[in-house]
Every structure is written in C-alpha cells, then in structure tokens.
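Novice: Provided below for reference: sequence and predicted model.
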2 protein chains.
Amino acid sequence: MDRKFDLAVAQVGGIQPSEGRATAVQRLIRLLEQSHHKGASFVVFPELTLTTFFPRYWADDIAVMDQYFETEMPSAEVKPLFDRAAELRIGFYLGYAELTPDGQHFNTAILVDSMGGIVGKYRKIHLPGHADKLEDVPVQHLEKRYFEVGDLGFGVFEVDGVRFGICLCNDRRWPEVYRVLALQGADVVVLGYNTPIEVPGWQEEPHAKMETHLLSLRAGAYQNAVWVAAAGKSGSEDGCHMIGGSAIAAPSGEILAKARTEGDEVVMATVDLDYSEPYRQSVFDFDAHRRPEHYSLIVDRVGRGDPLPVDFA
Amino acid sequence: MDRKFDLAVAQVGGIQPSEGRATAVQRLIRLLEQSHHKGASFVVFPELTLTTFFPRYWADDIAVMDQYFETEMPSAEVKPLFDRAAELRIGFYLGYAELTPDGQHFNTAILVDSMGGIVGKYRKIHLPGHADKLEDVPVQHLEKRYFEVGDLGFGVFEVDGVRFGICLCNDRRWPEVYRVLALQGADVVVLGYNTPIEVPGWQEEPHAKMETHLLSLRAGAYQNAVWVAAAGKSGSEDGCHMIGGSAIAAPSGEILAKARTEGDEVVMATVDLDYSEPYRQSVFDFDAHRRPEHYSLIVDRVGRGDPLPVDFA
C-alpha cells in the first residue's frame, strides 16, 4: 500500500445462533466486494465475526461452547473469504474464536495480506465481563469464562508495507493499548468489537454507550498520532441489541467516517500516513516529551492504591 | 468536603505584560468570591496565573525572566488571595512560576486547603515547545528553556477529605498522567493551562485546537473513572490569542460545564464522588481487568521504535 490508501470498515449486522458460518462468510464476501468497488486495499471486519456473540450464554459444560471456535484458519468454510480477498488483492483483519491444538481458547484476530497470507495475530488481553454465572440478569457477559487471557502481547505487523497494530473490542478503552502499539511504530490501529447495549449489573446510559466508544477511538488516535479503524458486529442478535458506530478516526482525533445503520455496512476513509507526521514531530514527539521515569506505577500497580508520599516542603 | 460538592473552574482572561501581580490577584479574588456565591468549596485557577504567559518571549539572558517567578508562596502580593479563600473556607489550585532558593525554575501548581494551608505541590513534567530560539516564527514557546522538568512526580493529595491529583496544561494530553494519578486513588484531577492558538511551526487547524483539548479531558475522565477540571488563562495576551474552554468532565466522559467566553468566567459542576464508583467496579475495575505485564514498553521505551517480534505461527 502507498502512504495514502483507502481503508474500509465492514460493519456486520447481527448473526443469529441459527446462522451457519457459510452464510456469515457469504455476507463477509459481499462486504469485501463492496469495499473493493469503493477502492479499498484493506478491510476491517469485527470481533468474533463468524458466529453469534456466544459469551452471552451460560453453559455448565464449557466444552459445549467449542462449537463456536475455529480449530484451523482458514477452515474450509472460511477459505472462500481468503480466496476472494486474494483475487481482489485486498488485505483484511478478522476476529474469531480460536481453539488451539493444545486446547486453549482465545478471542483472536488476524491480519491477512493481499496475497492471502496470515501475517499477524493477536489474542485478546483485556477480557471484559465475568467468569461466574450471574443470577437475575437478563444476559451474561462471560468472556472471562470462555477465553484465556491472550499470550501474544500487543503486536504490530507489516501488511503490504503498512504497520498495523491490532487489538480487540474492550482493549480500545485502555490507553495503554494504543501506547504500546504506537511505541512499536504502528501507523494504523485496527480492531473489531461486539458492544451489547445491555450488560449485567450497572451500566452506562444508552446514549453514553456510543459516546464512550467513539471517545476511546478518538483519544487513542489523537494521543498516539495513529489512525484507528473499528468494525462492530451490531444490531440485534438473538434478542440482544449491540451498538453500531463502526468508524475511522484520524490522528486529529476526528471521526472521518462512521456507520449510519446497525446492519451490514461499509464505511471508508482515505488513510494518509503522512498526516500523522506533524503530530509526531510536535505535540506527540515522544522522544522529546515523554518521561517514562514518572510512569512506573502503570506497570508496578494493577489496581488503585494509596498516594505515594511527595516531599515538597 | 462531602462525597458531593460544588467545584468551580475559574477561567482567567489574558493578563498583559504591564499588569502587575496585585491586579491579577484582585481579579482572582473576584472570581473566588463569585465561586463562593455559587456554592463552591473548591476553585481551580489556571497555569502561570499571576503573570502573562512569558514563555512566548525570547531572552538571551535567562535571568531576565526571573521577574515572572515567585520566590515564596504566598508572597506579600498573593497573600490576599490566600486570606480571602481561608475566610470563605474555600480550597483552591493555583499555577505559578516557581524559583527555588537554590535557583531552580519550575512551572508549578499548588493545592491549598480551606484553612489556607498548602497541602500539595506539583512541578510540570511534560514541558511542551522548545529550548532554542526559533527564527521566522511569530511567537516562541520556550517552556523547555525557562523551566526544568518537574522533580516531584505526579502526586495525589487529600484536600478537605477529597483526593486531588494535580497536573498542568500539556500533561492533560498524555494518558500516562491520568493513569498514574488514578492508580494513586485520585478522585478529581485538576489542572491549569495556557494554550496559544498560534504556536511555532506546524499546528493543528484552529477548530481542532478546542476539540483536542476537550477530547483529552473527556478521555482522561472516562478511562480513569475520575472527575477532571481544567482552568485556562485565555483570550488575548500581548497580541497572542489563547483558547478558552475551561471545563469540567465527569467519569462518563461528558463535559458537564464549560466556559462560554475567553475572559474571566466561573463555571461550576456538582462533583458526586459516588458517580465514579460503578465505573470503577465494572468496565474500569483495574484489579479485574488491567494487565501490566503487557504494558512494559510504556516505561521501557521513550520514543517510537520497531515492532517486537511475535511468534504466532
């Protein structure tokens, strides 16, 4: 890809439990073709794109959930997406549930280049929700039950000459993620998400849900002088409603493109990698301004604690 | 202060080079009294509040700039502000240039409790701008020339029973700052700023300047489940134009109060410390969700570097 290229975010409307992977993949191929017609050289698909968002369901026997996991990538059902993308010379990001040969379960995303090769992988680190069964709630959010914490760190990978940082869903709310990716030279941060409007226990007001999603993308882009592209699986799934708002944020902190609907929809922006440079050479010249000697609590503490003493007298 | 209290942000219009500290202090006292009448128990004043924003001026001899620095706090000229605040039982945050007995120069902020005692101090760590003289620019931004990097870290201090984290101006654009303060249990982050619309070299579009200011406050508040209150010295100073937008952001990421003008103006919000709690117990339950073992680059690297290898095959 050039220093300037057209990036597509492919939002995917709800995928029902009854919907098979083959059907889902056909929808993804249609979105891929739309992106190609609009001139895209890279497409971002959502998190857990191939099935319904199963962490909403409780299963006494975890093994029941293995039906939602992929044991190879691409599988026979997903291969048509890889083939079509390679034909069209488009790279893509895809989120799915990964079951490894040694039985580990991860919430995973991959980067595929325009030749169809898997050139990057991420396993989700910030797993939201809970591991235990909550009673008297309309829906569970069991990512901490069904997935292990990712073991690959936050990686940056070159895809067709552009450095992509990858993460997933809840990661986008943690400023550490964008920073660790930016410190590895990421130019574009891509992520998929599933964000239910209703979660167990206390929750933000519905109007705030979209705002905090966009706020997180915008702040990540601005404070790191990177582009951020986020694709949601949204709309209704098995009676549960997830936000839309798939979007692309520029290093200015502005949203340059955003989905209007909660269904299958492609939004596009022209990513100009040179637009990051003046930010990186002025306000966010990390070498000139960052002071890591004062950031150590970020790695030394997990949760909130007491103030450190300051001798200012 | 209770778990719920009224917080004032006192924006200060431009202070001209000819304006003495006594005049400036009279303006601050008026803003303090207005805040009191509106019910405030704490007031946030700007950065370098007592004089014009002198880092815009070049001086071959740095000592010429000592006229803008305070050698004691409160000085005789500033004491009326301390006295009036103690009379009204209001605490406050005040930014000023500090010259220490051993000759160090800092861009400093203090916290003063409702009895008039200095209970916290911060010396600015993220100094923006440059140290050398730039030619052919309309204005300099010489914080790196006139100030040393702060030596007190990012501190959190209890003021009348509430934990305040303090920082200054450019610090608000660095997510590390809010995080280090939140990890020390900050409930409210307070800061002053001077943000010139015109800076040397490349700059954001003017419309973006206000947006990135507010974006930084909002993201800091939301991602750390704290309140953020920012007071600017704004409007015209010696022909230079600084943004207004003094504001208070809630843990929801929303701006709850914002100055309308670029002059002396008080804006208020009722800070409810309990409103932070549900965020701290769900999406931003740091103990449950943070993964510092994956954040080490934040302290191990200063600037952007190459991607770390990831073995995902």
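Specialist: Noted; the coordinates are in hand.

Novice: Residues in a beta bridge with the closest residue to residue A:307 other than its chain neighbours, which ones?
Specialist: What sits nearest to residue A:307 in space, not counting adjacent residues and going by C-beta to C-beta, 6 or more residues apart in numbering or on different chains, is residue B:156, at 3.8 Å. For glycine as for every other residue, the C-beta is placed from the backbone atoms N, C-alpha and C. Legend: beta-bridge partners of residue B:156 under DSSP bridges are residue B:165.

Novice: Next one, pLDDT for residue B:156 please.
Specialist: As predicted, residue B:156 sits at a pLDDT of 98.

Novice: Distance of it relative to residue B:272?
Specialist: 19 Å (C-beta to C-beta, to the nearest Å).

Novice: which of these two has more neighbours?
Specialist: Here residue B:156 and residue B:272 are set side by side on neighbour count (other C-beta atoms under 10 Å in any protein chain shown), and the busier one is residue B:156, at 27 against 15.

Novice: what sits against that one?
Specialist: Listed by C-beta atoms under 8 Å, 6 or more residues apart in numbering or on different chains, the contact partners of residue B:156 are A:307, A:308, B:163, B:164, B:165, B:166, B:181, B:184, B:185, B:186.

Novice: Buried ones only from those residues, please, as a ChimeraX command.
Specialist: The buried residues among the contacts of residue B:156 can be selected in ChimeraX (16 or more other C-beta atoms under 10 Å in any protein chain shown) with this line:
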select /A:307 /B:163,164,165,166,181,184,185,186
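
Novice: Mind checking which of the contacts of residue B:156 land in helices?
Specialist: Here DSSP state H is the test, and the contacts of residue B:156 give residue B:181 as lying in helices.

Novice: between the contacts of residue B:156, which is nearest residue B:138?
Specialist: residue B:166 (31.5 Å; C-beta to C-beta).

Novice: Hmm, that closest one is touching residue B:159, no?
Specialist: No. Using C-beta atoms under 8 Å, residue B:166 is not in contact with residue B:159; the gap is 9.8 Å.

Novice: Which neighbours do the two have in common?
Specialist: With contacts defined as C-beta under 8 Å, 6+ apart, the residues adjacent to both residue B:166 and residue B:159 are B:111, B:120.

Novice: Pull out the buried residues from stretch A:115-127.
Specialist: Within stretch A:115-127, the residues that count as buried by 16+ other C-beta under 10 Å are A:116, A:118, A:119, A:120, A:121, A:122, A:123, A:124, A:125, A:126, A:127.

Novice: Just confirm the last one is within a strand.
Specialist: No. Counting by DSSP: H, G, I helix; E, B strand; the rest coil, one finds residue A:127 to be coil, located in no strand.

Novice: distance of it from residue B:265?
Specialist: To residue B:265, residue A:127 is 45 Å away according to C-beta to C-beta.

Novice: likewise the fifth one?
Specialist: Residue A:121 is 52 Å from residue B:265, where distance means C-beta to C-beta.

Novice: Could I get the contacting residues of the closest residue to residue A:258 other than its chain neighbours?
Specialist: The spatially closest residue to residue A:258, leaving aside those adjacent along the chain, is residue A:247, at 4.2 Å (C-beta to C-beta, 6+ apart). Residues in contact with residue A:247, defined by C-beta under 8 Å, 6+ apart, are A:9, A:214, A:217, A:229, A:230, A:255, A:257, A:258, A:259, A:267.

Novice: ok, the second one touching residue A:245?
Specialist: Pointing back at residue A:214 there. Yes. Contact criterion C-beta under 8 Å: residue A:214 and residue A:245 qualify, at 6.3 Å.

Novice: more neighbours, the two?
Specialist: Counting neighbours by other C-beta under 10 Å for residue A:214 and for residue A:245 shows that residue A:245 has the greater number, 22 against 18.

Novice: Surely the more buried one and residue A:259 touch.
Specialist: Yes. The pair formed by residue A:245 and residue A:259 meets the contact definition of C-beta under 8 Å, at 6.3 Å.

Novice: Between the two, which contacts overlap?
Specialist: A:232, A:234.

Novice: picking up where we left off before, would you turn the buried residues of stretch A:115-127 into TSV with distance to chain B and secondary structure?
Specialist: Converted to TSV, those look like this (distance: C-beta to the nearest C-beta, whole Å; DSSP: H, G, I helix; E, B strand; the rest coil):
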residue	distance to chain B	secondary structure
A:116	16	coil
A:118	8	strand
A:119	10	strand
A:120	7	strand
A:121	4	strand
A:122	8	strand
A:123	8	strand
A:124	10	coil
A:125	5	coil
A:126	6	coil
A:127	8	coil
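
Novice: want to throw the residues you listed into CSV with pLDDT?
Specialist: Shown next, in CSV, are the buried residues of stretch A:115-127 (pLDDT from 0 to 100):
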residue, pLDDT
A:116, 97
A:118, 98
A:119, 98
A:120, 98
A:121, 98
A:122, 98
A:123, 98
A:124, 98
A:125, 98
A:126, 98
A:127, 98
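
Novice: I'd like to know which of those is nearest to residue B:23.
Specialist: Proximity of the buried residues of stretch A:115-127 to residue B:23 was ranked by C-beta to C-beta; the top entry is residue A:126 with 51.2 Å.

Novice: ok, that closest one - contacts?
Specialist: Residues near residue A:126 by C-beta under 8 Å, 6+ apart: A:170, A:171, A:173, A:174, A:177, B:289, B:290, B:291.
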